[in-house]
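Novice: quick one: sequence plus predicted model below, questions after.
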Amino acid sequence: MNTKSFLKFILNFLVILIITASAGQTGCSKDSNTKAPAAQTQHAEKKDAGDLSIVRDKNVDVDSLDQNKNGYLYQCAMDYDVISDKPGICPKCGMELKEVTLAQAKKNLIDYGFQVK
Ligand SMILES: [Zn+2]
């Protein structure tokens, strides 16, 4: 008898928990619906920070990337295929690009499995 009433108590408790949880979720989803436009705007801003055009392909011509001909490029330390002639943010991992010489950028790319001209 004791076990049965205990199980009943647990069952009731679970039902209350589920009702409370689902009510909470409904409240949450209403909240996130109203906040959704703001979140989307933030996402768009993040995209602007990471310029996908600086992700280079396997046949990249490193010398041509140095448009100001100063001998330096900006390369992501994590993604060697991300190279820019200007400081910036890696669109793949969000890290700040590191200043490297043309030779260093080429060496990194070769290590990365690229064919460098
Ligand atoms: Zn990166």
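Specialist: Yep, that arrived. Keep in mind that this is a model prediction, so the values were computed, not measured.
Novice: those residues of this protein touching the ion, which are they?
Specialist: Counting by C-beta under 5 Å from the ion, the chain comes close to the ion at 76, 78-79, 90, 92-93, 95. Just so you know, the C-beta spots here come from the backbone N, C-alpha and C atoms, and that holds for glycine as well.
Novice: rerun that using 6 Å as the cut-off
Specialist: 76, 78-79, 82, 90, 92-93, 95 (C-beta under 6 Å from the ion).
Novice: adding pLDDT and neighbour count, write those residues out as CSV.
Specialist: Formatted as CSV, those follow (pLDDT from 0 to 100; neighbours: other C-beta atoms under 10 Å):
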residue, pLDDT, neighbour count
Cys76, 98, 25
Met78, 96, 12
Asp79, 97, 19
Val82, 98, 24
Cys90, 97, 24
Lys92, 96, 15
Cys93, 97, 12
Met95, 97, 14
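Novice: let's see which of those end up in helices.
Specialist: Among the residues of the chain next to the ion, no member falls in helices (DSSP state H).
Novice: give me the contact list for stretch 96-116.
Specialist: Contacting residues not belonging to stretch 96-116 are listed as 56, 58-60, 62-63, 65-66, 71-77, 80-84, 87-90 [C-beta atoms under 8 Å, 6 or more residues apart in numbering].
Novice: switch the cut-off to 6 Å
Specialist: 58, 62, 66, 71-77, 80, 83-84, 88 (C-beta atoms under 6 Å, 6 or more residues apart in numbering).
Novice: kindly indicate which of the residues you listed lies nearest the ion.
Specialist: Cys76 (3.4 Å; C-beta to the ion).
Novice: for Ser5, see how far away the closest one is.
Specialist: 64 Å (C-beta to C-beta, to the nearest Å).
Novice: ok, which stretches of this structure are helices?
Specialist: Counting by DSSP H, the helices of the chain are 2-49, 62-65, 102-111.
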